[in-house]
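Peer 1: here is a sequence together with a model predicted from it:
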Amino acid sequence: MSHHPFAVTVANVVCAAERFLMVEEWQQGRIRFNQPAGHLEAGESIIAGAERELLEETGLNLKLEQGVAIYQFTAPDNGTEFVRFTFCVEVAEPLATLPQDPDGDIIRCHWLTLSEIEALGEQLRSPMILASIKDYLAGARFALSSLKQQR
């Protein structure tokens with residue numbers, strides 16, 4: 001049996017009045033849409049990583065409320081295997097955003113309805129975006145306290 005690392009990523013479903021926060025970004029020379037998300041950094045807790053990505057990509061310093069789901073996904077283009085921890089937070093209304101992206105990939109942020117996100121089709125960075133929003137809308141949740149970090 002061969003062992004290989006998974007790419008560990010974190011993502012956030014941010015909801016305000018039936019609109020979801022999406023990030024428009026440059027990826028491999030194309031414009032793509034994603035949730036505020038990214039790779040977990042060495043030594044970083046999963047929750048801290050998700051909050052950092054939210055701050056970097058949107059400028060919003062929000063505390064996550066719950067987890068939505070943990071996904072395992074293999075990218076069809078290159079076979080990279082991902083484990084994605086997805087969290088959620090609700091705000092009363094769409095908030096102003098100001099990306100602080102250190103990589104310079106973020107173009108802007110948008111508050112979109114589910115149907116607007118579905119209409120993006122191939123511009124979505126991964127199928128986990130719609131899966132996590134639909135899981136969120138179906139009420140899928142887990143407590144943040146279920147994630148433990150040992151040092």
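Peer 2: Looks like it came in fine.

Peer 1: I'd like the mean pLDDT over stretch 21-41, please.
Peer 2: Averaging pLDDT along stretch 21-41 gives 94.

Peer 1: again, but for stretch 99-106
Peer 2: The model assigns stretch 99-106 a mean pLDDT of 85.

Peer 1: can you give me the helices in the chain?
Peer 2: Assigned by DSSP state H, the helices in the chain fall at 46-58, 114-119, 128-137.

Peer 1: adding mean neighbour count and distance to Pro5, write the ones you listed out as TSV.
Peer 2: Every C-beta, even on glycine, is put in place using the N, C-alpha and C of the backbone. Output for the helices of the chain, formatted as TSV (neighbours: other C-beta atoms under 10 Å; distance: least, C-beta to C-beta, whole Å):
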stretch	mean neighbour count	distance to Pro5
helix 46-58	21	16
helix 114-119	14	30
helix 128-137	19	19
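
Peer 1: mind checking these for the one nearest to Met22?
Peer 2: Closest to Met22 of the helices of the chain is helix 114-119 (C-beta to C-beta; 6.5 Å).

Peer 1: hang on, the earlier thing: of all the helices of the chain, which lies closest to Phe73?
Peer 2: Among these, helix 128-137 sits nearest to Phe73 (C-beta to C-beta), with 5.7 Å.

Peer 1: what's the offset of that closest one from the middle of its chain?
Peer 2: Chain-centre distance of helix 128-137: 10 Å, with C-alpha atoms, centre = their mean, to the nearest Å.

Peer 1: what helices and strands are in contact with that helix?
Peer 2: Helix 128-137 sits against strand 7-16, strand 66-74, strand 81-90, helix 114-119, with contacts defined as 3 or more C-beta pairs under 8 Å, 6 or more residues apart in numbering; DSSP states H and E.

Peer 1: mean confidence for it?
Peer 2: Here the average pLDDT along helix 128-137 is 97.

Peer 1: quick one, that helix and strand 66-74 angle?
Peer 2: Between helix 128-137 and strand 66-74, the angle formed by their directions is 150 degrees, by axes from the mean of the first three to the mean of the last three C-alpha atoms, to 10 degrees.
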